[in-house]
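Asker: what's the 3D shape of this:
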Amino acid sequence: IIITNLHDPELYEIRLQALRTLMEQSMHAKTVTMPINTARVQIFLIKEAIKAQGDRRRQMELVADFGHASFGNEALIRKFLKDYGLIEVPEEGKALKTLDLGWDDHVHDSLTEGRKTPTRILVDAFVKGISRITLVYNSISEERMISEAITAGEILGISVEVGLEFSVGLSGTRRHYLYAPPAFRRSNEFFSFLKEHEDVIAQLRDGLQQNIEHRYHSIVSVIKQFNEMHLPKINEGFAEDSPCWFSPVAESELKKIVAYGQPSR
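Answerer: Alright, predicted model coming up:
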């Protein structure tokens with residue numbers, strides 16, 4: 001529930017501790033012939049039970065399946081994997097990142113274009129059996145979110161790369177790039193790499209910040225255009241005290257939901 005419901009970037013340490021607890025419990029089924037697949041099935045069932053909030057019957061069915069899965073019976077775990085469309089991971093006593101089963105080289109979390117925290121994205125990747133994932137950012141100034149991503153990958157045994165996305169050039173001729181620094185097991189190693197090469201990446205860091213500022217101004221202009229062009233049409237025929245009348249979208253409201261000053265579309 002903590003991983004699913006706590007989205008505030010400042011709470012990343014709480015999410016990571018919840019993830020550690022989740023993995024410690026999930027990897028200790030009563031029978032351990034299929035530990036990693038059993039853990040993946042259990043975590044999937046937990047996620048589905050949380051998503052089914054309000055549907056008590058569905059939740060009870062999932063809880064019952066969770067209880068059966070906790071024994072780690074091979075035939076039953078394979079049935080759950082098949083029923084829920086999940087691949088069976090080889091039980092070789094190895095982490096997912098060493099199995100090279102699958103990858104996704106362009107994923108956004110809630111700091112940029114996505115909706116989920118890094119921990120939640122990595123949990124989803126673990127359930128799907130993904131070995132490597134690249135989380136893409138517009139800046140390297142927010143170290144806590146990047147640290148969360150790399151640490152969550154280490155807990156789950158998934159290789160996490162950090163990609164830096166930026167555009168160069170004037171409107172109409174802009175080119176889009178993605179810089180991927182080397183992958184590191186621990187977040188402190190990643191930040192040590194950046195510090196060691198600070199003289200080389202200083203210009204990139206400044207350019208990333210300029211991109212963020214330009215993006216913010218672009219989004220504010222979209223809000224202004226919406227208020228001036230589209231909102232009058234939406235409100236046409238309704239009085240201001242009507243529940244069908246909408247107030248203009250304010251820049252101050254945008255700032256409330258933008259994490260660390262990094263706006264996204």
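
Asker: what ranges do the strands span in this structure?
Answerer: Secondary structure of the chain (DSSP state E): strands located at 103-107, 132-137, 159-168, 175-179.

Asker: Could you check the angle the second one makes with strand 103-107?
Answerer: Angle between the axes of strand 132-137 and strand 103-107 is 10 degrees (criterion: axes from the mean of the first three to the mean of the last three C-alpha atoms, to 10 degrees).

Asker: Counting by contacts, list what strand 132-137 packs against.
Answerer: strand 103-107, helix 118-128, helix 143-156, strand 159-168 (3 or more C-beta pairs under 8 Å, 6 or more residues apart in numbering; DSSP states H and E). The C-beta positions use only the backbone N, C-alpha and C, and glycine is treated the same way.

Asker: rank the ones you listed by mean pLDDT and give me the bottom one.
Answerer: Across those, strand 159-168 has the smallest mean pLDDT, namely a mean of 91.

Asker: from the middle of its chain, how far away would that strand be?
Answerer: The chain centroid and the centroid of strand 159-168 are separated by 14 Å under C-alpha atoms, centre = their mean, to the nearest Å.

Asker: ditto for stretch 128-142
Answerer: 8 Å.

Asker: again with stretch 18-32
Answerer: Counting by C-alpha atoms, centre = their mean, stretch 18-32 comes out at 21 Å from the chain centroid.

Asker: mind listing what's buried in stretch 198-210?
Answerer: Using 16 or more other C-beta atoms under 10 Å as the test for burial, stretch 198-210 gives 201, 208, 209.

Asker: Relative to residue 73, which of these is nearest.
Answerer: When the buried residues of stretch 198-210 are compared for distance to residue 73 (C-beta to C-beta), residue 208 comes out closest, at 50.3 Å.

Asker: can you count the residues close to residue 214?
Answerer: 11 (other C-beta atoms under 10 Å).

Asker: swap in residue 221?
Answerer: 10.

Asker: repeat for residue 239
Answerer: 8.

Asker: Distance-wise, check it relative to residue 256.
Answerer: The gap separating residue 239 from residue 256 is 28 Å, by C-beta to C-beta, to the nearest Å.

Asker: Other residues contacting stretch 224-234?
Answerer: 246, 248, 249 (C-beta atoms under 8 Å, 6 or more residues apart in numbering).

Asker: Surely residue 104 is in contact with residue 136?
Answerer: No - using C-beta atoms under 8 Å as the test, residue 104 is too far from residue 136 to be in contact (10.3 Å).

Asker: and the two? which has more neighbours close in?
Answerer: Taking other C-beta under 10 Å, residue 104 and residue 136 do not tie; residue 136 has more neighbours (20 against 14).

Asker: residues contacting the more buried one?
Answerer: 106, 107, 108, 112, 163, 164, 165, 178.

Asker: Out of the residues you listed, which end up buried?
Answerer: By neighbour count, with 16+ other C-beta under 10 Å, these hold 107, 108, 112, 163, 164, 165 as buried.

Asker: my read: the first one touches residue 133, true?
Answerer: In other words, residue 107. Yes - here residue 107 reaches residue 133: they are 5.8 Å apart, a contact under C-beta under 8 Å.

Asker: Return every residue with contacts to both of the two.
Answerer: With C-beta under 8 Å, 6+ apart as the test, residue 107 and residue 133 both reach residue 121.

Asker: In TSV: the strands of the chain, plus distance to residue 151.
Answerer: Shown next, in TSV, are these (distance: least, C-beta to C-beta, whole Å):
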stretch	distance to residue 151
strand 103-107	16
strand 132-137	12
strand 159-168	9
strand 175-179	22
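
Asker: re the thing from before, now the two most distant members of the contacts of residue 136.
Answerer: Greatest spatial distance among the contacts of residue 136 (C-beta to C-beta): 107 and 164, at 13.7 Å.
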